[in-house]
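1. Provided below for reference: sequence and predicted model.
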Protein chains: 2
Amino acid sequence: MNNFTFYSPTCFVFGKDTENQAGGLVRRFGGTKALILYGGGSALRSGLLDRVKASLAQEGVPYALLGGVQPNPRSDLVYRGIGLCREQGIDFVLAVGGGSVIDTAKAVAAGAVYDGDFWDFYCGKRVEKALPVGTVLTIAAAGSEGSPDSVITRTEDMLKRGASGDAIRPRFSILNPALTQTLPPFQTAAGITDIMAHLYERYLTNTKEVEVTDRLIEALLLTMIHEGPRVIADPDNYDARANIMWAGMMAHNNSCGVGRSQDWNSHNIEHELSALYDCAHGAGLAVTMPAVFTYVMEHNVMRFAQAAVRVWGCQMDFERPEATARAGIEALRQFLISIGMPKNFAELGAKEEDIPALVQALCYGGGRQGSISGFVTLNEEDCANIYRMMI
Amino acid sequence: MNNFTFYSPTCFVFGKDTENQAGGLVRRFGGTKALILYGGGSALRSGLLDRVKASLAQEGVPYALLGGVQPNPRSDLVYRGIGLCREQGIDFVLAVGGGSVIDTAKAVAAGAVYDGDFWDFYCGKRVEKALPVGTVLTIAAAGSEGSPDSVITRTEDMLKRGASGDAIRPRFSILNPALTQTLPPFQTAAGITDIMAHLYERYLTNTKEVEVTDRLIEALLLTMIHEGPRVIADPDNYDARANIMWAGMMAHNNSCGVGRSQDWNSHNIEHELSALYDCAHGAGLAVTMPAVFTYVMEHNVMRFAQAAVRVWGCQMDFERPEATARAGIEALRQFLISIGMPKNFAELGAKEEDIPALVQALCYGGGRQGSISGFVTLNEEDCANIYRMMI
């Protein structure tokens, strides 16, 4: 196991009606004037935003509002948020929504106390200082509620990149599984896929002897396999929602990824798809993961065989471990299709003729030098091959 | 799943040579004058204490020293530590040792800023305020490095009781698995047993539909089953030590126990044994757990069958689930014996004639009213029966 530091000082308040604690939590973590960030109309229509506003009002915390965060959130709204914070002397950013809203909140929080352009953080500069961030989560997916990460798309050229730093870990995250019961099934399934991708990205490691994190990842994948179909069949199943929501946080706060190299190539390859086609990140991952895993399987057949046996319940083929490895990848693919995810470029709205442009953006955007690294280093040809496998 | 709050703001610094970061971490978390608490001679002999002192000196952090913490740590040393903190204006308590040293540090930290008797916290009063605590862990066992809990034995009557509160969660914990390589095999095995007990105590729940935490607990148990025999066979196996050390923290920081009722009757029953006979807590648990589990198995046969199948690899006997449940308990018992743990009262140094006194202390000590509650409520007769099963 490699040396590491793990620091996850987020206070998770989990369960029914917990959004009513938002005001008290903003106060507890030092906020005296908040910017409430939210997305489209669902937080408004459901009454969630009103409950959060009432909670802040009850605690005497004034607030400004900024809505309209889109999926695959854009930099232009970040600049508006930063402006608002500075103009109004805001000292706390409260995200009410999913990963896109939370990632926007983190970008605003970092940018508001930074003299330069916030995009610097999305070009490799670590976030060392930010306004405190809190979240009220409305979808189990991105894991941003417990992570030090944020992904933003630059509006002018649709370049999608990530930033990181302990300063943007949420001080608190309110996780009420009931808030996810009104999600359309497609979004629920895309969230499930994203969570499973966070687990696979950590599972695909080149570090030896990491039994504890292997087992934790497998545990969370098994949870998703058990609970995913249950929430798709019955969206009001609170307990299944609750299990998924905690798994989603644990999948990405890195407690199951410490001390080991990780992959993240599936995420990188997918990011170009959602940047170009504005598809749901989870849907893109559903198409991307089986292709990537099949392409890189030979790098460590036993790792994929282990996942197949321990996670997917495949019988180990001791004479042909690669058959077991392949069966595990196929089980993942079929699972994702079964919960309603797309299976290829066409269903995703992607086009074969865009592959050269996708590869170009993937391998050269954001300062990359012709390849992406992870479990396996992939060059332009590899990436083109992988995109073609998705057709 | 029940509503819950999970807040684990400890910074874990994990890996080789990390004890040399102690001084910087004390400074980072606000310490300007530290009390270094330690146990017997091993921290001295190994040079660990010197390295920690050098690290503090390098950061210009003055310190006082207080050694002599015993296993099953006593209240008299806590009073000495509290006195030292007050006399010398100490604002940070640094534990260098295992659970006993860390628990003593927590008691000192709470008592130093409390007007009354620190023992109040061990009679049910929650710790709301304490000096900051840091740890340099030397054995994977108690999980105190990531928990808000402390267990102390009152010297005058050997009453062993626990206290809890977020204020005594360590600000940082340094986890260097190499420091555990010099432990005697018996202590390593007792630590493994303690970790497994922390997992079983959470596994035995009356809360329904808690797949995610069930799976996480099983993952950590599987890790212990894989790595435990490896470190007993080869004490210098750093990777196995590392997997156990992270599992030990995760087993007890409660990320795998949130939102569910827990048991803790095995711990309560064992505490009377280590209080009376001063045996290793883990050794006591090795004798206690199989007896308790066998006694309460009928309360939820399927829960024990699930552990048997998922953790111990038993075949499910669908006609006789209780046979499977029993096989899982027997597998646990045999595993603990295989790593060198005692299997009965005699090997533990306990005596049948003391059972009435044990039951009396267990069921009436510390304000209890004739029973202990958990997975199953156990009255005096139950507890006597369980102790007798251990003979």
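-> Right, received. Where do you want to start? Every value quoted in this text rests on a predicted model; they were computed, and no experiment measured them. Residues are numbered from 1 along each chain as shown, chains lettered A, B, ... in the order given.

2. A:Leu358 - nearest residue in space that isn't next to it in sequence?
-> A:Glu272 (4.7 Å; Cβ to Cβ, 6 or more residues apart in numbering or on different chains). (Glycine included, C-beta is placed from N, CA and C.)

3. pLDDT score for that neighbour?
-> If you check A:Glu272, the pLDDT there is 94.

4. what do you get for A:Gly366?
-> A:Gly366 carries a pLDDT value of 74.

5. Could you confirm it falls within a helix?
-> Yes. Assessed with DSSP: H, G, I helix; E, B strand; the rest coil, A:Gly366 lies in a helix.

6. For A:Thr153, identify the helix or strand it belongs to.
-> strand A:149-154 (DSSP states H and E).

7. which residue lies farthest from the center of chain A?
-> A:Glu319 (37.5 Å; Cα atoms, centre = their mean).

8. Against A:Ala305, how distant is it?
-> 12 Å (Cβ to Cβ, to the nearest Å).

9. got it, and A:Ile269?
-> On the measure of Cβ to Cβ, A:Ile269 and A:Ala305 end up 23 Å apart.

10. So these two - more neighbours on which side?
-> A:Ile269 (28 against 24; other Cβ atoms under 10 Å in any protein chain shown).

11. wait, that one sits on A:Leu362?
-> Yes. A:Ile269 is in contact with A:Leu362 according to Cβ atoms under 8 Å; the separation is 6.4 Å.

12. Between the two, which contacts overlap?
-> Shared contacts of A:Ile269 and A:Leu362 (Cβ atoms under 8 Å, 6 or more residues apart in numbering or on different chains): A:372, A:383.

13. Kindly report the residues of the stretch 51-200 of chain A close to chain B.
-> For the stretch 51-200 of chain A, the residues in contact with chain B (Cβ under 8 Å from any Cβ of the partner chain) are A:Pro177.

14. which residue does the stretch 51-200 of chain A bring closest to chain B?
-> A:Pro177 (7.8 Å; Cβ to the nearest Cβ).

15. so what's that residue up against?
-> Applying Cβ under 8 Å, 6+ apart, the residues contacting A:Pro177 are A:15-16, A:140, A:238, A:241-242, A:244-245, B:1.

16. between those, which is nearest A:Gly68?
-> A:Ala140 (22.6 Å; Cβ to Cβ).

17. any idea how far the residue nearest to A:Leu358 lies from A:Lys160?
-> Counting by Cβ to Cβ - A:Glu272 and A:Lys160 are separated by 7 Å.

18. Same question for A:Lys33.
-> 31 Å.

19. Please identify which of the two sits among more neighbours.
-> A:Lys160 (25 against 16).

20. Read off the pLDDT value for the more buried one.
-> pLDDT, A:Lys160: 83.

21. does it sit in a helix, a strand or a coil?
-> Look at A:Lys160: counting by three-state DSSP, its state is strand.

22. List the residues that contact it.
-> A:Lys160 sits in contact with A:72, A:151-154, A:271-272, A:274-275, where contact means Cβ under 8 Å, 6+ apart.

23. Tell me which two of these sit farthest apart.
-> A:Ile152 and A:Glu272 (14.8 Å).

24. Next, give phi and psi for the residue nearest to the spatial centre of chain A.
-> Centroid-nearest residue in chain A, with Cα atoms, centre = their mean: A:Ala142, separated by 2.5 Å. Note on A:Ala142: backbone dihedrals following degrees, to the nearest 10 are phi -70, psi -20.

25. show me what contacts it?
-> Counting by Cβ under 8 Å, 6+ apart, A:Ala142 has contacts A:98-100, A:102-103, A:191, A:194, A:248, A:252, A:281.

26. cool, and A:His281?
-> Contacts of A:His281 (Cβ under 8 Å, 6+ apart): A:71-72, A:99, A:141-142, A:190, A:194, A:270-271, A:274.

27. make it 10 Å
-> When contacts are counted by Cβ atoms under 10 Å, 6 or more residues apart in numbering or on different chains, A:His281 touches A:71-72, A:99-100, A:141-142, A:151, A:160, A:190-191, A:193-194, A:197, A:267, A:270-271, A:273-275.

28. So which of those residues are in helices?
-> A:99-100, A:190-191, A:193-194, A:197, A:267, A:270-271, A:273-275 (DSSP state H).

29. what's the nearest residue to A:Cys256 once chain neighbours are set aside in contact with, if anything?
-> Spatial nearest neighbour of A:Cys256, excluding adjacent residues (Cβ to Cβ, 6+ apart): A:Leu216 at 3.8 Å. Residues near A:Leu216 by Cβ under 10 Å, 6+ apart: A:199, A:202, A:210, A:250-251, A:255-258, B:215-216, B:219-220, B:222-223, B:246-247, B:250, B:255-256.

30. Swap in 8 Å and give it another go.
-> A:Leu216 touches A:250, A:255-256, B:216, B:219-220, B:250, counting by Cβ under 8 Å, 6+ apart.

31. what about the residue nearest to A:Glu145 when sequence neighbours are not counted, which helix or strand?
-> Using Cβ to Cβ, 6+ apart and skipping residues adjacent in sequence, the residue nearest A:Glu145 is A:Ser173, 3.9 Å away. Per DSSP H and E: A:Ser173 is located in strand A:172-175.

32. Packing partners of that strand?
-> strand A:11-14, helix A:22-28, strand A:133-137, helix A:238-252 (3 or more Cβ pairs under 8 Å, 6 or more residues apart in numbering or on different chains; DSSP states H and E).

33. need the next SSE after the second one, C-terminal direction.
-> Past helix A:22-28, further along toward the C-terminus, the next helix or strand under DSSP H and E is strand A:34-38.

34. and the helix ranked longest in chain A with helix B:238-252, angle?
-> When chain A is scanned for its longest helix (criterion: DSSP H), the result is helix A:211-233. Using axes from the mean of the first three to the mean of the last three Cα atoms, to 10 degrees, one finds that helix A:211-233 and helix B:238-252 are set 40 degrees apart in direction.

35. And helix A:211-233, what's buried?
-> A:211-232 (16 or more other Cβ atoms under 10 Å in any protein chain shown).

36. got it, and stretch A:37-48?
-> Within stretch A:37-48, the residues scored as buried using 16+ other Cβ under 10 Å are A:37-39, A:42-43, A:48.

37. Equivalent analysis for stretch A:303-310, please.
-> A:303-310.

38. Let me know the closest of the residues you listed to chain B.
-> Of these, the one sitting nearest to chain B (Cβ to the nearest Cβ) turns out to be A:Arg310, at 9.1 Å.

39. mind listing what A:Tyr326 touches?
-> Just so we're on the same page, residue A:326 is Arg rather than Tyr. A:294, A:297, A:304.
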